[in-house]
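Peer 1: Here is the input, now give the coordinates:
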Amino acid sequence: MKIRKKYLFYALAFSSALIGALISSLDTVIVNKYIFDPWAYGFSCFIVGLAVTFLLALIFSIPIHGKSLGSRFVDPSFERLRFVRRVEVKYHVFAGIGNSILTVGYLHLLSMLGDPSTVLPFSQIVILYLVVIESFVEKNIPTLPEVQSSIIVTFGAMLGSISLTGTITLDSMFLVFVVISPAWVLFSIYQRKLKMLRVDNKSNDSINIRFWNVVFSFFFSALFIFLYDVLTGSSHFIAGFTASYRYFNWVALVMIIAFFSYVFYIRALGIGKASVTQAVRASTIFFIIPFSVLLAYLNVIPMFVTTPVMIVIKIMGVILVFLGIASFALTLVKAYIFIRMKPGYPIEETMQKLWDIPGVTHVTAVAGTYDFIVKIRIRTLVKGYENIIRRIEEIKGIQEYRWNSVLKEWEEI
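Peer 2: Numbering: from 1, shown residues only. Coordinates of the predicted model:
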């Protein structure tokens with residue numbers, strides 16, 4: 001089955017957000033009823049997740065009529081579970097560090113605030129972090145529409161994070177701004193780098209990325225928690241193994257669901273920027289509301305103080321988030337530039353000059369009528385077009401170029 005690439009991106013990001021809301025609800029049940037230590041629960045997620053993710057990856061590696069089960073139903077790029085390649089290791093190290101810190105920080109925040117409809121919106125402040133970081137680590141500097149849309153989503157998330165049962169404390173703000181957001185940036189940026197890699201001359205797949213991220217996250221979480229126990233005299237490390245055994249079914253359920261959430265998220269990262277993907281995934285603040293109402297009804301969390309003012313503020317936050325997402329969707333422009341060169345100019349040097357132009361995502365040397373095909377991805381057509389064309393005209397040796405805007409782009413589900 002094939003689908004327009006833009007629609008696939010939003011389908012993946014929204015699906016990840018919906019599943020993420022379900023995971024957060026289950027996390028709330030577990031930290032309130034079973035595993036009260038967020039360090040132990042975070043570590044148990046990686047202990048149990050290692051086995052669960054390995055089993056799922058093996059199941060999806062089963063071949064059916066020449067294609068693996070995973071390539072048919074989860075990710076067309078997936079063939080089978082494989083060993084991590086050397087080129088991937090450095091990215092997995094940073095993503096693993098980010099994920100291990102993020103998981104424990106998020107669970108601490110959840111145990112402090114209790115209400116997942118407060119925790120998830122509050123943590124979406126990471127979008128602004130991603131916009132800033134992408135200015136440095138990626139070649140494409142965020143455009144004004146991207147910055148505006150990110151700010152809209154972030155402020156909507158902040159309004160949506162105002163709890164109906166209490167207030168935001170300084171401790172929770174510290175966790176969000178100093179621990180969770182930087183860790184999520186590290187995780188998402190390097191997960192995207194992994195998805196953009198070509199492994200064995202093929203597109204990298206989200207299932208292998210997810211499995212090896214759990215492996216590296218397990219290692220770093222074990223290291224961090226063990227060192228913390230040594231320094232403080234606590235016993236979170238042993239408690240994590242104990243929780244994994246005593247509450248295996250609950251933790252396994254969470255990690256099975258999390259597998260699909262993160263696989264969809266990684267696939268979305270391969271299509272759009274980390275900041276854009278996270279902005280769309282911020283729709284989780286809408287999906288979590290009915291789950292929180294159900295949790296309150298079941299007495300897992302305190303009942304809401306449903307004052308009209310607080311309800312209006314929550315609704316305004318949700319509306320702002322969706323306005324920001326719509327802004328992202330309506331401003332994206334893609335194009336291909338076909339370039340013909342004069343004889344005698346070096347290919348590698350010209351390719352590098354084309355690659356250095358902001359907005360260029362792919363440069364391909366081809367045989368035939370044209371010498372290069374350049375893929376463009378920008379947010380403002382007029383300004384972006386002018387900047388790119390100006391830079392192309394400055395490159396010596398280009399004889400002719402043609403700009404063709406993309407109307408529709410299809411991708412296999």
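
Peer 1: I'd guessed I225 sits against S235; true?
Peer 2: No. Using CB atoms under 8 Å as the test, I225 is too far from S235 to be in contact (10.0 Å). In this view, the C-beta of every residue, glycine as well, is placed from N, C-alpha and C.

Peer 1: With neighbour numbers in mind, choose between those two.
Peer 2: When I225 and S235 are compared for neighbours, I225 comes out ahead with 24 against 14, by other CB atoms under 10 Å.

Peer 1: got the contact list for that one?
Peer 2: Contact analysis of I225 by CB atoms under 8 Å, 6 or more residues apart in numbering lists W39, G42, F43, V104, H236, F237, G240.

Peer 1: Report the buried members of those residues.
Peer 2: Among the contacts of I225, those classed as buried by 16 or more other CB atoms under 10 Å are W39, G42, F43, V104, H236, F237, G240.

Peer 1: Which of the residues you listed fall within strands?
Peer 2: In strands, judged by DSSP state E, none of these are found.

Peer 1: Now the two most distant members of the residues you listed.
Peer 2: Largest separation among the buried ones among the contacts of I225 by CB to CB: V104 and F237, giving 12.3 Å.

Peer 1: joint contacts of the two?
Peer 2: With CB under 8 Å, 6+ apart as the test, V104 and F237 both reach F43, I225.

Peer 1: if we can go back for a sec, from the contacts of I225, pick the one nearest S261.
Peer 2: For those, the nearest to S261 is G42 (16.4 Å; CB to CB).

Peer 1: So for that closest one, what's the nearest residue that isn't a sequence neighbour?
Peer 2: Using CB to CB, 6 or more residues apart in numbering and skipping residues adjacent in sequence, the residue nearest G42 is V104, 4.0 Å away.

Peer 1: where does the chain dip in pLDDT?
Peer 2: 1-3, 122, 132, 134-146, 157-158, 160-169, 303-311, 325-332, 379-385, 411-413 (pLDDT under 70).

Peer 1: All the strands of it, in order from the start?
Peer 2: Assigned by DSSP E, the chain shows strands spanning 2-4, 63-64, 67-68, 198-199, 202-203, 333-341, 360-365, 372-378, 398-405, 410-412.

Peer 1: Single out the most deeply packed of those.
Peer 2: Among those, ranked by average contacts under mean count of other CB atoms under 10 Å, first place goes to strand 372-378 (a mean of 19).

Peer 1: Could you chop this structure up by domain?
Peer 2: Using automatic domain parsing, the domain ranges for the chain come out as 2-331, 333-412.

Peer 1: Identify, from the contacts of I225, the entry nearest to F174.
Peer 2: Of all the contacts of I225, F174 sits closest to V104, with 14.2 Å by CB to CB.

Peer 1: pretty sure that closest one is touching S44, no?
Peer 2: No. Using CB under 8 Å, V104 makes no contact with S44, being 11.1 Å away.

Peer 1: Contact partners for the nearest residue to E88 once chain neighbours are set aside?
Peer 2: Nearest residue to E88 in three dimensions, chain neighbours excluded: L194, at 6.1 Å (CB to CB, 6+ apart). L194 makes contact with E88, Y91, H92, A95, N204, I209, I266, according to CB under 8 Å, 6+ apart.

Peer 1: what would those residues look like in JSON lines with neighbour count and distance to K314?
Peer 2: Below are those laid out as JSON lines (neighbours: other CB atoms under 10 Å; distance: CB to CB, whole Å):
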{"residue": "E88", "neighbour count": "20", "distance to K314": "41"}
{"residue": "Y91", "neighbour count": "24", "distance to K314": "38"}
{"residue": "H92", "neighbour count": "23", "distance to K314": "38"}
{"residue": "A95", "neighbour count": "27", "distance to K314": "33"}
{"residue": "N204", "neighbour count": "23", "distance to K314": "39"}
{"residue": "I209", "neighbour count": "30", "distance to K314": "35"}
{"residue": "I266", "neighbour count": "27", "distance to K314": "30"}
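
Peer 1: Between the residues you listed, which sits nearest T53?
Peer 2: I209 (11.0 Å).

Peer 1: Give me the distance between the two termini of stretch 72-82.
Peer 2: One end of stretch 72-82 to the other measures 18 Å (CA to CA, to the nearest Å).

Peer 1: Check stretch 197-210 too.
Peer 2: End-to-end for stretch 197-210, by CA to CA: 14 Å.
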